[in-house]
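Chemist: Got a sequence here, can you model it:
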Amino acid sequence: MILRLIPGLVTVLIGILLVAVVVPNGIDDPGFTQPHSLAPGDFPTHLAWLVLITGLLLLAFGALGAPTEAVSPGEIRAARALPFAAALLGFVLLIPVIGIEAGTFTFTLALFVFTADIGWGRGLAVAAGFAIAIHIIFIELAGVPMPSTLRLLF
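Modeler: Okay, the predicted model is just below:
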């Protein structure tokens, strides 16, 4: 029982540390930001609270969940690790060339279709949704200057 609570406890402690100490003391607020943009402390603050909430959910699921036996995926083999590492490296290197949306779409589709084996239909839907969410969150809302495929097309 106690082993199921450890991930939640560790995540809650990290979340409390982030919310109470790291974010308030580590970010200088300039006092003024452009209209319709996030202040420098908004994203880290929201992320810290999400870590804390995730930890609380892990605690709740660990305490209330039915006892199950853990299933190990087996030892990590080079045959599994090397293609994933190559795909991640390709994703990072292709972002400046094809943009964050197309790179995210391609990488997510490859992961879901070839490793999770969920099929092309669901893989396309998840990859498209994830790429659009990345565009909306980082480029539109947060104003992060990233190479964007959608800005070139529209």
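Chemist: Please enumerate the strands of this structure.
Modeler: In the chain, no strands are found when defined by DSSP state E.
Chemist: domain parsing for it?
Modeler: 2-64, 78-153 (automatic domain parsing).
Chemist: Adding mean neighbour count as columns, could you present the ones you listed in JSON lines?
Modeler: Where you see a C-beta, it was placed from the backbone N, CA and C, and this is true even at glycine. Formatted as JSON lines, those follow (neighbours: other C-beta atoms under 10 Å):
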{"stretch": "domain 2-64", "mean neighbour count": "14"}
{"stretch": "domain 78-153", "mean neighbour count": "15"}
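Chemist: Compare the mean pLDDT across the ones you listed and name the weakest.
Modeler: Within these, confidence is poorest for domain 2-64, with a mean of 78 (mean pLDDT).
Chemist: Now do that one: distance from first to last residue.
Modeler: One end of domain 2-64 to the other measures 12 Å (C-alpha to C-alpha, to the nearest Å).
Chemist: same thing with stretch 110-117?
Modeler: So stretch 110-117: terminal residues 10 Å apart, C-alpha to C-alpha.
Chemist: If you count contacts, what does the longest helix belonging to the chain end up packed against?
Modeler: Scanning the chain for the longest helix, with DSSP state H as the assignment, gives helix 78-110. Here helix 78-110 touches helix 120-134, helix 149-153, going by 3 or more C-beta pairs under 8 Å, 6 or more residues apart in numbering; DSSP states H and E.
Chemist: quick check: angle from that helix to helix 120-134?
Modeler: 70 degrees (axes from the mean of the first three to the mean of the last three C-alpha atoms, to 10 degrees).
Chemist: ok, residue 94 - contacts?
Modeler: Residues counted as contacts of residue 94 (C-beta atoms under 8 Å, 6 or more residues apart in numbering) are 102-103, 106.
Chemist: what's near enough to touch residue 60?
Modeler: residue 8 are the contacts of residue 60 under C-beta under 8 Å, 6+ apart.
Chemist: Please apply the same query to residue 9.
Modeler: Neighbouring residues of residue 9 by C-beta under 8 Å, 6+ apart: 55, 59.
Chemist: how close does it get to residue 51?
Modeler: In this structure, residue 9 and residue 51 are 13 Å apart, going by C-beta to C-beta, to the nearest Å.
Chemist: How about residue 141?
Modeler: Relative to residue 51, residue 141 is positioned 19 Å away (C-beta to C-beta).
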